[in-house]
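K.L.:
turn this into a structure:
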Amino acid sequence: MKTHDVFIGNGSIKELPALLESKKIKKVLVFRGKSSFEKIKNTIDEMIKGCVVDYYLDFATNPIDDDLQKALRTISGNYDAIIAVGGGSVIDFAKLFNFKSGRKLFFIAIPTTAGSGSEATKFAVIWIKDKKYSIEDDTILPNYAIVDSQFLKNSPKYLKACSSFDAFAQSVESFWSVRSTPRSQEYAKEAMILCKENIVNYVLSDDEKTMDKMSQAAFLAGKAINISKTTAAHALSYVFTKEFNIPHGHAVALSFPKLFAANTDIPLLALNDKREIAYIERMKKSLKEILSYDYFVDVLAKIGLELNLKKLGISNVSDLVKKVNLERISNNPRIFTQAQLEGLFFND
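P.N.:
Numbering: from 1, shown residues only. Coordinates of the predicted model:
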């Protein structure tokens with residue numbers, strides 16, 4: 001399995017020059033975001049000034065296969081390393097290029113959002129002909145992550161709300177996942193506590209301490225889902241992003257309060273986790289000691305993520321849920337019928 005190391009904390013980008021020198025890296029291919037990158041470009045340029053650098057940004061916010069195929073055709077230089085600087089989509093696109101090109105170059109991920117945790121996972125998401133696919137391979141995992149919270153400063157409130165709730169959801173989903181392990185639950189629990197204590201202040205301010213805590217939470221949530229994968233909230237979210245262009249983290253939030261209630265009160269006949277009942281009871285008890293349905297309704301209102309589908313202009317929830325890939329829900333601890341899945345959303 002590919003090794004993974006991290007520099008984490010405010011100012012950790014300063015570790016980059018020494019890392020590049022230690023690996024004898026002279027020429028780098030940098031995948032970057034668009035407008036979001038401009039505010040940190042000078043800092044990044046300063047850290048890699050000893051290298052020959054090519055930047056690449058010709059891909060959509062939600063990476064599509066056409067963009068990847070174009071990159072595979074047109075990027076032809078000889079590089080020593082890949083650096084991805086951006087949110088989850090930028091890091092995912094760089095992962096996919098590195099993997100599909102067969103180059104398997106030394107890879108450094110530098111997240112600029114506290115959200116997807118892509119810097120800590122062996123997964124990469126891509127859209128192919130309007131369907132979302134997740135590619136999984138141990139070699140996709142970046143060699144290093146530099147998680148520097150200074151890059152979160154001055155981000156738009158809605159972006160912070162969407163990305164940070166994605167991290168929050170991942171931590172909870174990882175904890176209750178049927179694939180969870182003691183290690184993944186350890187990462188997940190630490191992440192969810194950090195999210196609970198910091199998400200509101202993070203979204204509503206630029207407090208440096210809070211930014212630092214949320215970037216740690218996102219990384220830990222990524223470490224957790226790297227083991228356990230996500231569950232129903234993520235599976236249900238994709239169709240809302242595809243059909244209504246609702247950002248991923250907001251789409252995940254739409255079902256989350258009711259899903260939390262359902263997954264912490266599972267009838268025996270609906271139980272999807274094959275572990276002993278005593279384990280299920282401990283898992284539910286641990287979650288309910290930290291979080292609740294009412295908490296999620298309240299916190300999502302505070303950070304400005306609307307849950308009411310009608311207010312978002314969505315009325316065809318039944319048709320949307322029918323398009324969900326039920327295989328993606330198989331990781332959820334509770335089995336749902338079609339009607340129960342529809343009932344996870346706020347329609348009034």
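K.L.:
can you give the distance of stretch 224-243 from its chain's centre?
P.N.:
9 Å (Cα atoms, centre = their mean, to the nearest Å).
K.L.:
and the contacts of the strand or helix carrying residue 66?
P.N.:
Residue 66 belongs to helix 65-74 when elements are defined using DSSP states H and E. Helix 65-74 has contacts (Cβ atoms under 8 Å, 6 or more residues apart in numbering) with 56, 58-60, 93, 96-97, 100-101, 126-129. Quick note: C-beta positions are derived from backbone N, CA and C, even for glycine.
K.L.:
in it, what counts as buried?
P.N.:
Of the residues in helix 65-74, 67, 68, 71 count as buried by neighbour count, 16 or more other Cβ atoms under 10 Å.
K.L.:
all helices for the stretch 101-250 of the chain, in order.
P.N.:
157-176, 182-204, 208-228, 232-244, 248-253 (DSSP state H, counting those that start in this stretch).
K.L.:
alpha carbons of the fourth one, as CSV, please.
P.N.:
Read it as helix 232-244. C-alpha atoms of helix 232-244 as CSV (Å, rounded to 0.1, in the frame of the first residue of the first chain):
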residue,chain,number,x,y,z
ALA,A,232,-26.8,6.8,2.3
ALA,A,233,-26.5,10.6,2.6
HIS,A,234,-23.8,10.6,-0.1
ALA,A,235,-25.5,8.1,-2.3
LEU,A,236,-28.7,10.2,-2.2
SER,A,237,-26.8,13.5,-2.8
TYR,A,238,-25.5,12.8,-6.3
VAL,A,239,-28.8,13.1,-8.2
PHE,A,240,-29.4,16.5,-6.6
THR,A,241,-26.1,17.8,-7.8
LYS,A,242,-26.6,16.4,-11.3
GLU,A,243,-30.2,17.4,-11.8
PHE,A,244,-30.2,20.8,-9.9
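K.L.:
ok, back up a step: next helix or strand past the helix holding residue 66?
P.N.:
Using DSSP H and E, the next helix or strand after helix 65-74 towards the C-terminus is strand 81-86.
K.L.:
now the protein, which segments are flagged as low pLDDT?
P.N.:
The chain contains residues with pLDDT under 70 at 1-4.
K.L.:
which element is the residue nearest to residue 292 when sequence neighbours are not counted on?
P.N.:
The shortest distance from residue 292 to any non-neighbouring residue, by Cβ to Cβ, 6 or more residues apart in numbering, is to residue 260 (7.4 Å). Assigned by DSSP H and E, residue 260 belongs to helix 256-263.
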